[in-house]
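Q: just to be clear, the model below is a prediction. Sequence and coordinates:
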Amino acid sequence: FPSLTVREHLGLAARASHRVHELLGLRGRQRSIEVDELVEELLEDHGLVDARDRVADELSHGESQWLEIVMMLSTRPTILLLDEPGAGMAQEEKVRTATLLRRLADAVTLVVIEHDLAFVQLIADQVIVMHRGRLLSQGSFDVISSDDEVRRVYLGSSYG
């Protein structure tokens with residue numbers, strides 16, 4: 001929502017998540033103060049304190065992506081599926097995104113679909129490379145980047 005602030009986005013996501021749980025009978029009513037505390041915690045933990053009162057329309061592409069990721073965290077997931085989280089970002093934003101994702105990996109399982117292998121190298125402990133629905137290689141970045149077929153299909157034969 002372009003006219004909502006970062007704080008309002010996080011509050012909306014947190015309240016929506018709690019409301020779904022209430023409707024499903026999975027937990028009792030959450031008090032507003034608990035949601036507000038969660039929002040403040042998310043702002044502080046993920047470097048958005050300075051942007052809390054900025055409207056979404058004023059955010060850079062990278063900041064918008066970080067906001068979306070942190071909004072997902074308000075639901076307290078155990079796994080996050082991210083489709084090309086670094087797409088369209090400047091290199092500096094990609095590095096900051098990679099840092100955020102590496103930090104999140106301690107608390108939540110991340111499944112990242114990404115074609116930018118330089119970005120993959122920044123974030124992944126384990127990599128699975130697929131091509132046309134077939135598994136090409138899996139393992140550390142060093143393992144997949146030394147695989148001849150991966151090099152041919154994704155990296156070019158002169159990579160390395």
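A: Nice, thanks for sending it over.
Q: tell me the contacts of D106?
A: By CB atoms under 8 Å, 6 or more residues apart in numbering, D106 lies in contact with nothing. Bear in mind the C-beta positions are built from the backbone N, C-alpha and C, glycine included.
Q: any idea how far it lies from D125?
A: Using CB to CB, to the nearest Å, we find D106 at a distance of 11 Å from D125.
Q: state the mean pLDDT of stretch 108-118.
A: Averaged across stretch 108-118, pLDDT comes to 92.
Q: CA atoms only: put that stretch into CSV for me.
A: What follows is stretch 108-118, C-alpha atoms only, in CSV (Å, rounded to 0.1, in the frame of the first residue of the first chain):
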residue,chain,number,x,y,z
VAL,A,108,13.8,-19.8,9.9
THR,A,109,14.4,-22.2,7.1
LEU,A,110,14.9,-20.2,3.8
VAL,A,111,14.2,-21.7,0.4
VAL,A,112,15.5,-19.2,-2.2
ILE,A,113,14.9,-19.4,-5.9
GLU,A,114,17.6,-17.3,-7.6
HIS,A,115,19.3,-17.1,-11.0
ASP,A,116,22.0,-14.7,-9.9
LEU,A,117,24.7,-17.2,-8.8
ALA,A,118,26.9,-14.4,-7.3
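Q: where does this structure dip in pLDDT?
A: The chain contains residues with pLDDT under 70 at 18-33, 156-160.
Q: before we move on, what SS does the residue nearest the centre of it have?
A: Most central in the chain under CA atoms, centre = their mean is I69, positioned 4.5 Å from the mean C-alpha point. Using DSSP: H, G, I helix; E, B strand; the rest coil, the structure places I69 in helix.
Q: contact partners for the closest residue to Y154 other than its chain neighbours?
A: In space, and not counting its chain neighbours, Y154 is closest to L117: 6.3 Å by CB to CB, 6 or more residues apart in numbering. Contacts for L117 (CB under 8 Å, 6+ apart) come out as 141, 145, 154-155.
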